[in-house]
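J.: sequence first, predicted model second:
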Amino acid sequence: MDEDVTVLPQGRSRMAAQTFAALDLGTNNCRMLVGAPSADGFRVIDSFSRIVRLGEGLHSTGRLSQIAMDRAMVALHGCAARLARKPVRAIRAIATEACRRAENGQEFLARVRLETGLPVDVISSREEAELAVESCAPLLRRAGRRALLFDIGGGSTELAWVRLLPGDAAPELIGYISLPIGVVTLAERFGINGLDCEAFHDMVDEVCDSLAAFERVHCIGQEIRQGGVFLLGTSGTVTTLAGLAMDLPRYSRPRVDGAVLSCAEAAEAVSRLRAMGRDGLSAHPCVGPERADFVLPGCAVFAAIHRLWPAEEVVVADRGLREGMLLRMIRGERGRGERFRVEAAGGARRFNRCAVTSPLPLLA
């Protein structure tokens, strides 16, 4: 298993030996997923998600505020309590952009480890992109040569340019970029003005400018014109667009995860969201009051991506870092068992690592 995975004492519970936990502390949300291995990936035992706005005010101060840290601590204590009731074999707990950027990010994580026992560490933007690719690997196994995966987060946006290989071969990461631009940072900078047409286009222009160098290096636009390229979005923004495009009366993960939208459908959904106003966004069942301030900034990031790279289709993924961490832990555990069996048979040199490290599909 990865060195930063914490293996916990198994105790007397047989379930603990078969259960893994992944925790993702982001700029806007705290999420946890507990899963047990299955033939096709894992089945969910427990899940947790809470908006904590850890990165509130970070853009202007460079620090995590006391009130934001306290909000996050409440959620993290809740995660620790749930894990105490559901013993697990191992846990991977990560923090992303807010703790990467904040002057007091490491100080806050030390407090988290001391008070909750949760082994939270900051990951790099590259690993963030890799985990997103890993979690979405099953959705990337479709017709095409290339895919551009994007994850619009609270404090940053990650993009991964991926080569698709035949059969069950793992997608190959060609290049990635992490922009220090997310729904929280844009919402704080543009405020209520972000609802205006002019401010929305300003946000789109800013993101386009930030992505221009990535386009110059990889010539993704040219690849799209040659065909066989699709976009894959994994974030609250793109799942909201899918829910709206599908006219869902309420959000439904089974219907949204893996859905394929034409870019025209996605653009129409953006237009509908922009026309709602804040009250309309708060009342919409696929948005709600807690996310109303962040939806249009996310739409601006999506609009910038689509302006630069107008692929015909967008594949929608309601999965992300937690799923990627769980799959890695499960694969690592299976690899340890396989190595033990091969070495016991005296054939360690014939061990095929590729058979162990290929991504596993995810059970929804």
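T.: Cool, got the structure.
J.: show me what residue 43 bridges to in the sheet.
T.: When assigned by DSSP bridges, residue 43 has beta-bridge partners residue 36.
J.: how about the contacts made by the spatially most central residue of the chain?
T.: Per Cα atoms, centre = their mean, the C-alpha nearest to the average position across the chain is that of residue 320, at 3.4 Å. For residue 320, the set of contacting residues under the criterion of Cβ atoms under 8 Å, 6 or more residues apart in numbering consists of 24, 131, 132, 135, 151, 234, 235. Where C-beta positions appear, they are placed from N, C-alpha and C, glycine not excepted.
J.: is it true that the last one touches residue 152?
T.: Yes - counting by Cβ atoms under 8 Å, residue 235 sits close enough to residue 152 to count as a contact (4.1 Å).
J.: overlap in contacts of those two?
T.: Contact criterion Cβ under 8 Å, 6+ apart; residues bridging residue 235 and residue 152 by contacting each: residue 298.
J.: need the max-distance pair from the contacts of residue 320.
T.: Spatial extent of these (Cβ to Cβ) is set by the pair 131 and 235 at 13.5 Å.
J.: checking residue 54 next. Helix, strand or coil?
T.: When states are read from DSSP: H, G, I helix; E, B strand; the rest coil, the local structure at residue 54 comes out as coil.
J.: sorry, wrong one. I was asking about residue 318.
T.: Local secondary structure at residue 318 is given as coil here, using three-state DSSP.
J.: neighbours around it, how many?
T.: Applying other Cβ atoms under 10 Å, we find 22 other residues in the vicinity of residue 318.
J.: can you pull the pLDDT of it?
T.: Per-residue confidence for residue 318 comes out at a pLDDT of 93.
J.: got phi/psi on it?
T.: For residue 318, the backbone dihedrals are phi -100, psi 70 (criterion: degrees, to the nearest 10).
J.: so how far is residue 237 from the residue lying closest to it once chain neighbours are set aside?
T.: Nearest non-adjacent residue to residue 318, counting by Cβ to Cβ, 6 or more residues apart in numbering: residue 257, 4.0 Å away. For residue 257, the distance to residue 237 under the criterion Cβ to Cβ, to the nearest Å works out to 15 Å.
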